[in-house]
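J.: Build me a structure from this.
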Amino acid sequence: MADRPAGMVEISDALGRDIDNGKLPEGGLPLEDVLHPTTVEQIHQQAAIAKEPVRAENMVPITPAEAARRRTQQGDRLPAMPTMRPVIPAPFRRERVTGGRHGKTWQRVPAWEVVRDDMTEAVGKVATALWDIGSHTVTLTGIGGVVAELGEEERTLVFRLAQD
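T.: Below is the predicted model of the structure:
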């Protein structure tokens, strides 16, 4: 009792909700008999306003600073203001290859240096590269079935990552 101001009465949560909603408490007196007429009128107005739909034209924007100062009835802060993300989250990000930025260039190399998965001018993407030491030739087979036979020292264009 010592921590409450003089004249303050403690009521149950259920009774408080009934009073806030303008209902007659069970087994109690009508609100009009207990509360001041102005208070009863305010209670009925607030209950009527709470039942009306919220309209956008009636809402007033607040500044982020004001939002930080405001609190809910439970003492919690309002949620943080939404912010723009500077990047797309990893699960939704796609690899992009922009012309000239992929790091690959056409290079002239000896036929014996061509390996599987290289892109060549002779057969396209290489499926197999067989080097015949006896005849000193390299047989390139593309993934589309195109075959080219080159001398081991003969140079061909290959699309690869640039060598440093």
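J.: immediately after the lengthiest strand in the chain, which helix or strand?
T.: Across the chain, the longest stretch assigned as strand under DSSP state E is strand 124-132. Read in the C-terminal direction, the helix or strand following strand 124-132 is strand 137-142, with elements assigned using DSSP states H and E.
J.: what helices or strands is that following strand leaning on?
T.: With contacts defined as 3 or more C-beta pairs under 8 Å, 6 or more residues apart in numbering; DSSP states H and E, strand 137-142 has these neighbours: strand 124-132, strand 147-151. Quick note: C-beta positions are derived from backbone N, CA and C, even for glycine.
J.: what angle sits between the longest one and strand 147-151?
T.: Computed by axes from the mean of the first three to the mean of the last three C-alpha atoms, to 10 degrees, the angle separating strand 124-132 from strand 147-151 equals 50 degrees.
J.: quick one: strands adjacent to strand 124-132?
T.: Applying DSSP bridges, strand 124-132 is found paired with strand 119-120 (antiparallel), strand 137-142 (antiparallel).
J.: Reformat those as JSON lines; add mean pLDDT.
T.: JSON lines is the format used below for the strands paired with strand 124-132 (pLDDT from 0 to 100):
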{"stretch": "strand 119-120", "mean pLDDT": "92"}
{"stretch": "strand 137-142", "mean pLDDT": "93"}
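J.: export these to JSON lines and tack on distance to E152 and mean neighbour count?
T.: Conversion of the strands paired with strand 124-132 to JSON lines gives the following (distance: least, C-beta to C-beta, whole Å; neighbours: other C-beta atoms under 10 Å):
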{"stretch": "strand 119-120", "distance to E152": "15", "mean neighbour count": "20"}
{"stretch": "strand 137-142", "distance to E152": "6", "mean neighbour count": "18"}
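J.: The protein - how does it break down into domains?
T.: Structural domains annotated on the chain: 13-57, 104-161, as defined by automatic domain parsing.
J.: Could you tell me the least trusted of these?
T.: Summarising mean pLDDT across those, the least confident stretch is domain 13-57, with a mean of 74.
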